[in-house]
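# Sequence and predicted structure are below.
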4 protein chains.
Amino acid sequence: MGGKDSPRSDTAILLISCPDRQGIIASVTRYIHENKGNVVDLEQHVDPGEKFFFMRIEWELGGFAMSLEAFREEFQKAIGEPFGMGWKLHSTAETQRMAVFASTSSHCLHDILSRYQAGEWKVEIPLIVSNHETLEGAAAAACVDFRHFPVTAETKRAQERRQIALLKERRIDLVVLARYMQVLSDDFVNEFPERIINIHHSFLPAFPGAKPYHSAYERGVKIIGATSHYVTADLDAGPIIEQDVARVSHVDSVEDMMRKGRDLEKVVLSRAIWSHLNRKTLVFRNRTIVFV
Amino acid sequence: MGGKDSPRSDTAILLISCPDRQGIIASVTRYIHENKGNVVDLEQHVDPGEKFFFMRIEWELGGFAMSLEAFREEFQKAIGEPFGMGWKLHSTAETQRMAVFASTSSHCLHDILSRYQAGEWKVEIPLIVSNHETLEGAAAAACVDFRHFPVTAETKRAQERRQIALLKERRIDLVVLARYMQVLSDDFVNEFPERIINIHHSFLPAFPGAKPYHSAYERGVKIIGATSHYVTADLDAGPIIEQDVARVSHVDSVEDMMRKGRDLEKVVLSRAIWSHLNRKTLVFRNRTIVFV
Amino acid sequence: MGGKDSPRSDTAILLISCPDRQGIIASVTRYIHENKGNVVDLEQHVDPGEKFFFMRIEWELGGFAMSLEAFREEFQKAIGEPFGMGWKLHSTAETQRMAVFASTSSHCLHDILSRYQAGEWKVEIPLIVSNHETLEGAAAAACVDFRHFPVTAETKRAQERRQIALLKERRIDLVVLARYMQVLSDDFVNEFPERIINIHHSFLPAFPGAKPYHSAYERGVKIIGATSHYVTADLDAGPIIEQDVARVSHVDSVEDMMRKGRDLEKVVLSRAIWSHLNRKTLVFRNRTIVFV
Amino acid sequence: MGGKDSPRSDTAILLISCPDRQGIIASVTRYIHENKGNVVDLEQHVDPGEKFFFMRIEWELGGFAMSLEAFREEFQKAIGEPFGMGWKLHSTAETQRMAVFASTSSHCLHDILSRYQAGEWKVEIPLIVSNHETLEGAAAAACVDFRHFPVTAETKRAQERRQIALLKERRIDLVVLARYMQVLSDDFVNEFPERIINIHHSFLPAFPGAKPYHSAYERGVKIIGATSHYVTADLDAGPIIEQDVARVSHVDSVEDMMRKGRDLEKVVLSRAIWSHLNRKTLVFRNRTIVFV
């Protein structure tokens, strides 16, 4: 009883973006069908204002008549180029490699490692990076390499360069900022476009920046939130992947909001990671399409 | 900025169910494309246990090369029959006709009429049926014909026959039970398969039957709910279209639950109606597929 | 089975604010007890940062040894003054009088009138005010006086003065802005401190001002909201009474957000009105205490 | 900025249940006030049907004129007996001792240990009990003693007796069943009345018993839930402490529901534990009062 959301182990996933016009779905599905691919999932979206088309299509590789290498070449000529497509092909047989950046707060890291150890996601986590040593034990308990990069205003640039080198050496596909609390430089961000996911502890765009729970308390909101987004050069303004909220009231102090917020943060971050790992996200005009 | 969920005024919607096999999407989309139909929305689902395929596909009729009558004939031959499809074709140019059955509770009826008067839905409401006269004024204010059918155990069968005749005479497509509080006979239900929507004032399958708020209070639940479903011969067991919930606590009396529940009931019912009117629902094995 | 939240018909409600110190609850409850008042509800809150105390206490008037007039005098001397209290005494026997201001959107007004006609709230609505004539029929159907005050930049001030006079003449206790879409002048606001409730169609402080659904769409949020607040001179910045949210995704156009948002707006506004009418709100430092 | 929900380190908490009558709050608060106790929190509830009174009152022990031992004796004579009260006195200086029972599912245990290591709760966890060895490593990583009690139908009774002896030897105050998957005998349950908390993976009373996600899938619900409750002799029917829900749709397989459900289960269980540890729960007629 596989289920749409259950990662399949031997399928191809094609993500497509292009200007909308007639016949895209027909052409793509026919191409896959003619090569003996059995489509197991297809989702598409048309941005009505921008007349732009998006699709995620997944088919079984068992019985598929082409290698993925051949597909990459042939599909571009036959379909990609004529339709002016941007597209990416992924195989669910590949295991993505994810690095987690943390600071001193443990809840998001613990939550990620708990899922990792339970095998909830198809992912490899070869590396945890932190500017403090606080969470070294958590990494050790999960048998993940922990690397300590202390950061000061003076050393930040140099440390980032070392981090980037390390991430490349370890062939990291996705960087997750699990309450890392450091603003990454544009240079760092540009190295991993749409491949860094952050969790912000407010319902963005409300309360960007530091101390959002304090601001929420001051404003007297009745609901707090958490937001997971791709990191861009513009702080807390990247494309939102997932948000969720919890009720608060006058009885909740800032500390109570933080406590309730931690449960939001870890779940919202994990849902965003899940969508990314399952190739369900596309970014367009600083907004996301997140297929279900 | 049309938007996926905004009803378009001149499109065709095709709903398909059939055993899953390769090439269905390719065949259908190619057929529409070759007849100059511009697909504006496509959603599909495969039931993984039953290996059954479902699709909703919508395309613009402007420029489409066939009449809907011709399509009905040709498509069946070319695609429907070979794939063993069950399918229905709808045109968004048609306005569906909906009858509302109510009793003495006004909140669902008022909510429906408020949306009707504001033009939120593309629907005609030619008729309100009730076993009491309480809501005659609400019908009058919205200029909808109100028909009073008092019901006793003795007259129920005869009254139902008169109601069925009236619904047919008025060419009613959809019957909405807006807290009607009467159990319909199997004969009535069988006249309108998958075309009667009920709102039950609990989170089914918890608390079926009468007085669900009293039962919820007795059990001490912390969340109450409402459930909208297609009516089948089996009371409160029909395929669920939509559900929603609200928090309660020990401070809430049965009356408080009823008050909070009314706001759930009216919104849940209206969402189910909306999905049905927009041809987004399919029923399979007493479950629904509700496309978004 | 009365229930905490069910309005009782013959109780007194005392709302208290004062600097926190020992013995407040003991003194107040003893005073009421000694005068044969049976307390049916008590809620208190201490603002931990500001060391300020708040309480709502409700007791049965049947058997109470004092008239409310006598209580007002005696309590102030015995308790209010020594503790430096601000306090208000209300009787649930009094029916509050509420005016609704609307413009052309009908959903909030319809929802309020639906509750009014069903007797959900203990309230009198003698008056609906609008800058358009669109909703005159809705008022008529509910037998509520409808007054049309067309507003232009030039006439706004004069019209407001006439509105204020009318509200006073009709002894209005509470003004509800049900998507009124006009910014009230400071003079108007100051006439009804903490007695004007507005519904804003976003999750404040995100997206204040005009066109919040357009802004939400542009930002790509995954959740939209609505906020009900007391109106202050500072637009959209008054103390928040109630908020709620709904999920959206990339498939939702601005129009879809508006549709989903209307259901939020009407429910959030009605919950805020309910809390106000039941004397469950206190304002402190631009935040609300909303007892349950 | 302490906040109502932030555990205070040197306060007394008195939980009271008794038949409702005039003067209870006045008498209790006066008694505490006369002994120089500064009340920092008071919540009360009257069950309207049963005319029963409940209260949680918390006051600072700094400056309080009595020892807790003296209070226990004196209060009973002065107030408890005359009012026919059941009452319990707790000191926040005491650290409660909690044992966690787990089986093979790790998410709830990991979540609890994550909070434990982060110091989120004032609690000691001296012991993890399991019928499998799967989670021994998780216990070790958190430096908690892990005890393996394999259970078969034959050995169950004997193993339970050994478990009870161990729990008593370790002076365990609270037993948490973190997806333990074994039904406890009445004898076990009776040893720890209102001191065993279970998490059931459905929105009770819907889908009691085994395989609730399979049942939810079969019924086609649009929302799944989790329920935390005190364990009684009647399986899955004990007083509910906390519930929460998540949306599902036709795209979710049983496995997807399980994945979404795990996030509910761990958060709902942790909220229930938090309420219990903070002495915010009272049980009456198989329902809970959970103060906020």
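Here it is on my side, so go on.
# Low-confidence bits of the stretch 151-292 of chain A, can you list those?
Counting by pLDDT under 70, the stretch 151-292 of chain A has no low-confidence residues at all.
# 90 instead?
Applying pLDDT under 90 to the predicted model, the residue ranges of the stretch 151-292 of chain A that meet it are A:235.
# Sketch out the strands for it, chain order is fine.
If DSSP state E, counting those that start in this stretch is used as the criterion, the strands of the stretch 151-292 of chain A fall at A:174-177, A:196-200, A:223-230, A:240-247, A:281-284, A:287-290.
# Please tabulate those strands in TSV, including the columns distance to chain D.
Yep, even glycine has a C-beta here, placed from its N, CA and C like the rest. As requested, those are arranged in TSV below (distance: least, C-beta to the nearest C-beta, whole Å):
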stretch	distance to chain D
strand A:174-177	17
strand A:196-200	15
strand A:223-230	13
strand A:240-247	10
strand A:281-284	16
strand A:287-290	13
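# deepest of these, which one?
Highest mean neighbour count among these (mean count of other C-beta atoms under 10 Å in any protein chain shown): strand A:223-230, with a mean of 26.
# and chain A, which of its residues are near chain D?
By the rule C-beta under 8 Å from any C-beta of the partner chain, the part of chain A lying against chain D is A:1-6, A:106-107, A:110-111, A:114-115, A:117-118, A:120, A:137, A:141, A:249, A:251-256, A:259, A:262-263, A:267, A:270, A:292.
# And those, which of them are buried?
Neighbour counting with 16 or more other C-beta atoms under 10 Å in any protein chain shown marks A:3-6, A:106-107, A:110-111, A:114-115, A:117, A:120, A:141, A:249, A:251-256, A:259, A:262-263, A:267, A:270 as buried within the residues of chain A next to chain D.
# Where helices are concerned, which of the residues you listed count?
Among these, DSSP state H puts A:107, A:110-111, A:114-115, A:117, A:141, A:254-256, A:259, A:262-263, A:267, A:270 in helices.
# Out of those residues, the closest to chain B would be?
Minimum separation from chain B among these (C-beta to the nearest C-beta) is found for A:D263, which lies at 15.9 Å.
# show me what contacts the residue lying closest to A:F188 once chain neighbours are set aside?
Take A:F188 and drop its neighbours on the chain: the residue closest to it by C-beta to C-beta, 6 or more residues apart in numbering or on different chains is A:E160, 5.0 Å away. Applying C-beta atoms under 8 Å, 6 or more residues apart in numbering or on different chains, one finds that A:E160 lies in contact with A:184-185, A:187-188.
# A:F64 now?
A:F64 makes contacts with A:12, A:35-37, as judged by C-beta under 8 Å, 6+ apart.
# Which of those residues has the largest number of neighbours?
The most crowded member of the contacts of A:F64 is A:G37, carrying 27 neighbours; neighbours defined as other C-beta atoms under 10 Å in any protein chain shown.
# Would you mind giving the domain segments of chain A?
For chain A, the domain assignment from automatic domain parsing gives the residue ranges A:11-91, A:96-290.
# which bits of chain A sit near chain C?
For chain A, the residues in contact with chain C (C-beta under 8 Å from any C-beta) are A:45, A:48, A:203-207, A:219-223, A:225, A:239-245, A:249-251, A:253, A:286-290.
# which residues pair with the closest residue to A:L204 other than its chain neighbours across the strands?
Counting by C-beta to C-beta, 6+ apart, the nearest residue to A:L204 once its immediate chain neighbours are dropped is A:T227, at 4.2 Å. Judged by DSSP bridges, the bridge partners of A:T227 are A:H200, A:Q243.
# Contacts only, for whatever residue of the stretch 101-250 of chain A ends up closest to chain C.
At 3.2 Å from chain C, A:G220 is the closest residue in the stretch 101-250 of chain A, using C-beta to the nearest C-beta. When contacts are counted by C-beta under 8 Å, 6+ apart, A:G220 touches A:250, C:239-240, C:286-288.
# swap in A:R219?
If you count contacts by C-beta under 8 Å, 6+ apart, A:R219 has them with A:207, C:204-205, C:240, C:287.
# now with 6 Å?
The contact partners of A:R219, by C-beta atoms under 6 Å, 6 or more residues apart in numbering or on different chains, come to C:P205.
# you'd agree A:E242 is up against A:V268?
Yes - between A:E242 and A:V268 a contact is recorded at 5.2 Å, counting by C-beta atoms under 6 Å.
# what sits in contact with each of these two?
Taking C-beta under 6 Å, 6+ apart as the contact criterion, the common neighbours of A:E242 and A:V268 are A:S228.
# could you pull out the helices for the stretch 1-150 of chain A?
In the stretch 1-150 of chain A, the segments counted as helices under DSSP state H, counting those that start in this stretch are A:24-34, A:68-75, A:81-83, A:107-118, A:136-141.
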